[in-house]
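Participant: fold the following and give me the result.
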Amino acid sequence: MSRVGKKIVAIPEGVEVELSNKKLTAKGKRGVLSVELSHLIEASKVENSIVVKPKSGSKSDSKKSREMWGTMRQMIAQTIIGVSQGFKRQLVFEGVGYRASVAEKTLKLSLGYSHDIMFPIPEGMQISISPERNNIIIVEGNDKQQVGQVASLIRDMRPVEPYKGKGLRYLNAFVRRKEGKKK
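Facilitator: Predicted structure coming up:
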């Protein structure tokens, strides 16, 4: 039994969910998202919640449907959270002369290379610099997968090096530091 799949997905107030033809569409204050449902699971709307169950069939289908049960439940939950609250990732950059700025639909990064890196902001995403600390990049959006992917692409532009800790990393990520040369 899937522990994740057994949980009922609650629909918050202000979110409309529509189930039709193996597609779930959620509308909320942050926009509209939809997710294609697997043919191996059954999803039904009960009052203000979504219940996901595996389809029963042959032995091989049964195993596959149990595998997809928790996955589809979590994708549905993330779609509903995305249209109501959204998702956010924060990146911290450390290093002498490292800077970031946002102009129109482009993130400009100065990360110690001979040139600045221009990162185009994808449609449906918001990237900003923290007003309190100007070394924090905030990536926001409705789709959790897209937010994580964009944050990962930005982080890969200057990975953290283990000797001085310079580079881009997620906020609160642990950097294992190495000892340098001894004289």
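Participant: do a quick rundown of the helices in this protein.
Facilitator: With DSSP state H, the ranges of helices along the chain come out as 3-6, 59-84, 144-155.
Participant: pLDDT below threshold where in the protein?
Facilitator: Across the chain, the ranges flagged by pLDDT under 70 are 1-2, 57-61.
Participant: pop the domain breakdown of it in here.
Facilitator: The chain breaks down into these domains under automatic domain parsing: 3-84, 87-170.
Participant: how about TSV for those domains, with distance to R177 and mean neighbour count added?
Facilitator: Every C-beta, even on glycine, is put in place using the N, C-alpha and C of the backbone. Shown next, in TSV, are the domains of the chain (distance: least, CB to CB, whole Å; neighbours: other CB atoms under 10 Å):
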stretch	distance to R177	mean neighbour count
domain 3-84	34	16
domain 87-170	6	15
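Participant: in CSV: those domains, plus distance to K182.
Facilitator: Shown next, in CSV, are these (distance: least, CB to CB, whole Å):
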stretch, distance to K182
domain 3-84, 49
domain 87-170, 13
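Participant: closest to K183 out of those domains?
Facilitator: Judged by CB to CB, the one of the domains of the chain that comes nearest to K183 is domain 87-170, at 15.3 Å.
Participant: and the closest one, how far apart are its ends?
Facilitator: End-to-end distance for domain 87-170, by CA to CA, to the nearest Å: 14 Å.
Participant: nearest approach to E94 belongs to which of the helices of the chain?
Facilitator: Of all those, helix 144-155 sits nearest to E94, with 12.6 Å by CB to CB.
Participant: got the angle between the closest one and helix 59-84?
Facilitator: Between the axes of helix 144-155 and helix 59-84, defined by axes from the mean of the first three to the mean of the last three CA atoms, to 10 degrees, the angle is 70 degrees.
Participant: so L24 makes contact with I76?
Facilitator: Yes - between L24 and I76 there is a contact at 5.9 Å, judged by CB atoms under 8 Å.
Participant: looking at the helices of the chain, which is closest to R30?
Facilitator: Checking the helices of the chain against R30 by CB to CB gives helix 59-84 as the closest, at 5.3 Å.
Participant: who does the closest one touch, helix- and strand-wise?
Facilitator: If you count contacts as 3 or more CB pairs under 8 Å, 6 or more residues apart in numbering; DSSP states H and E, helix 59-84 packs onto helix 3-6, strand 9-10, strand 23-28, strand 31-36, strand 41-46, strand 49-54, helix 144-155.
Participant: if we can go back for a sec, nearest to R176, out of the domains of the chain?
Facilitator: Here domain 87-170 is closest among these (CB to CB), at 6.1 Å.
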